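Asker: Attaching a predicted model along with its sequence, questions to come.
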Amino acid sequence: MSTKTVIVADGSFPEHSIPLEYLRNADIIVCCDGSAEKIINYGMIPTAIVGDMDSLSEELSVKFADCLFVDKTQETNDLTKAVVWCRESGYRDIVIVGATGKRDDHTIGNISLLAEYARYMNVKMVTDTGIFYPLLSSCMIDSFKGQQVSIFSIDPKTEITSAGLKYPLNRLKLNNWWEATLNESMGDSFYLTFKKGRLIIYLKFPDPQLPINE
């Protein structure tokens, strides 16, 4: 069984039970430097703290000196530095939490980076409302009837065809981010077909007061 690796970014700390469950079940916890204090206050110990350390207190820098990995590179953000650290450490199955919920520009940037990370690892981003998956090729996605689905294309020339969604896509090119949002799964899976390009899929968590299956 693969090692369960979770990266904690420096957005809003998760509150929903699903991202928290990923965190509690993690074998490896990698913190962007600004999230280390949140993890420690939550009662967990980071495996690694990665970043330029501009957001880490001197007290924690001393206490966790053995697991600090300083990267002063200005061309990438701390989330990417944490992802690179995971890749170089041999961890290729990654869940990212805490990457949304503060600055909107950071949120958009972090989500878009999934399409880059997917080139060399299996990665998903779990928020307090749902899960973002990057796709590099045609794929069947597990779902449930009535699940809210949004599709974003990083490459506007990509032609996308769907099966199993309420509002079908037929060789659709997405020139704007809103064009394939607010769709809905018709069953326990749906299929997206595209020859080349990069997609990011958002799957909303089920409403807790509604049954998952009819």
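Answerer: Great, that's in hand.

Asker: Would you mind pulling up the elements that the longest helix along the chain packs against?
Answerer: Secondary structure of the chain per DSSP state H: the longest helix is helix 104-117. Helix 104-117 sits against helix 78-88, strand 93-97, strand 122-126, strand 130-135, strand 199-204, with contacts defined as 3 or more CB pairs under 8 Å, 6 or more residues apart in numbering; DSSP states H and E. C-beta coordinates here come from the backbone N, C-alpha and C atoms, glycine included.

Asker: of all the ones you listed, which lies closest to residue 141?
Answerer: The minimum distance between residue 141 and the helices and strands packed on helix 104-117 falls on strand 199-204, with 6.3 Å, by CB to CB.

Asker: ok, back up a step: for the helices and strands packed on helix 104-117, which one sits closest to residue 20?
Answerer: Closest of those to residue 20 is strand 93-97, at 8.2 Å (criterion: CB to CB).

Asker: Each with direction, which strands does that closest one pair with?
Answerer: Strand 93-97 pairs in its sheet with strand 5-8 (parallel), strand 122-126 (parallel), by DSSP bridges.

Asker: what's across from the residue nearest to residue 22 when sequence neighbours are not counted in the sheet?
Answerer: Leaving out its chain neighbours, the residue that sits closest to residue 22 by CB to CB, 6 or more residues apart in numbering is residue 95, at 4.9 Å. With beta bridges defined as DSSP bridges, residue 95 has these partners: residue 6, residue 124.
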